[in-house]
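K.L.:
Pasted the sequence and its predicted model underneath.
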Amino acid sequence: MELRATFQIPTLIKAMTDVVMPAVDPDNKLAQEQAQLIVGCLHLMAQRLPLQYRYDRHELKCFIALATELQQEVGGSPALAEALATLNQRATSGQDVLARAGAEPTELETANLTLRDAVGQLIVAASVADDDARRVAIDKAVMAHAKDQLLRERAWLALQGWEGKDAKLPDVESLISG
């Protein structure tokens, strides 16, 4: 199973249009309408998903600007002191989040893919090098990484039910925090 929504959504659209919608009773207008609505929503999600992160960053930037303007306009009012202090604290927190949220999701994905490729190149180079100790060390590190990655991916997709109800997987949140 694929964990990226950019691959999952087109698969869902294809399943809906090729399998589910043709099987829906043509006389059931409500079911037909709802199936079309689902496909339409999935198309919209597929188009907008790459922009969601940028949209959220932009929205935060706009709220920080509004907070700054409001502080300038009404600052110094004793009646608003508590609310302004809360606004200031949250705007400062928002600025911190915005400063840490600089990279685009595609940049993160590309960095992961190019780093994965570089690791693969190192593995290939080590396989032809005459250095068993380094090759063993590389194998050990790569296998430990793969084990952790597989656990993260299994936890990510656990809600789909592929693991069964008795699978003892940690929450994905605990695996990706820090």
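P.N.:
Structure received.
K.L.:
where in this structure is pLDDT low?
P.N.:
1, 178 (pLDDT under 70).
K.L.:
Can you tell me how far the residue located most distally from the centre of it is from L84?
P.N.:
Here the chain reaches farthest from its C-alpha mean at P78, the gap being 42.8 Å by C-alpha atoms, centre = their mean. Relative to L84, P78 is positioned 10 Å away (C-beta to C-beta, to the nearest Å). Where you see a C-beta, it was placed from the backbone N, CA and C, and this is true even at glycine.
K.L.:
residues contacting R134?
P.N.:
A126 (C-beta atoms under 8 Å, 6 or more residues apart in numbering).
K.L.:
Would you check that P26 makes contact with A35?
P.N.:
No: the criterion here is C-beta atoms under 8 Å, and P26 misses it with A35 at 11.1 Å.
K.L.:
These two: which is more packed in?
P.N.:
A35 (18 against 9; other C-beta atoms under 10 Å).
K.L.:
which SS class is the more buried one?
P.N.:
helix (DSSP: H, G, I helix; E, B strand; the rest coil).
K.L.:
Quick one: the helices in the chain, in order.
P.N.:
5-15, 21-23, 29-74, 81-100, 105-128, 132-156, 172-176 (DSSP state H).
K.L.:
Of all the ones you listed, which one comes closest to K165?
P.N.:
helix 132-156 (14.1 Å; C-beta to C-beta).
K.L.:
Just checking the distance from the closest one to the centre of its chain.
P.N.:
Centroid displacement of helix 132-156 relative to its chain, using C-alpha atoms, centre = their mean, to the nearest Å, is 22 Å.
K.L.:
ditto for stretch 118-138
P.N.:
32 Å.
K.L.:
List the buried residues in it.
P.N.:
Residues 126, 135, 138 are the ones in stretch 118-138 that count as buried (16 or more other C-beta atoms under 10 Å).
K.L.:
possible to save those as TSV with distance to Y53?
P.N.:
Listed next are the buried residues of stretch 118-138 as TSV, based on distance: C-beta to C-beta, whole Å:
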residue	distance to Y53
A126	36
R135	39
I138	34
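K.L.:
between those, which is nearest D148?
P.N.:
I138 (16.0 Å).
K.L.:
Next up, the contacts around that closest one.
P.N.:
Contacts of I138 by C-beta under 8 Å, 6+ apart are 122-123, 126.
K.L.:
From A81, how far off is it?
P.N.:
Where A81 is concerned, I138 sits at a distance of 60 Å (C-beta to C-beta).
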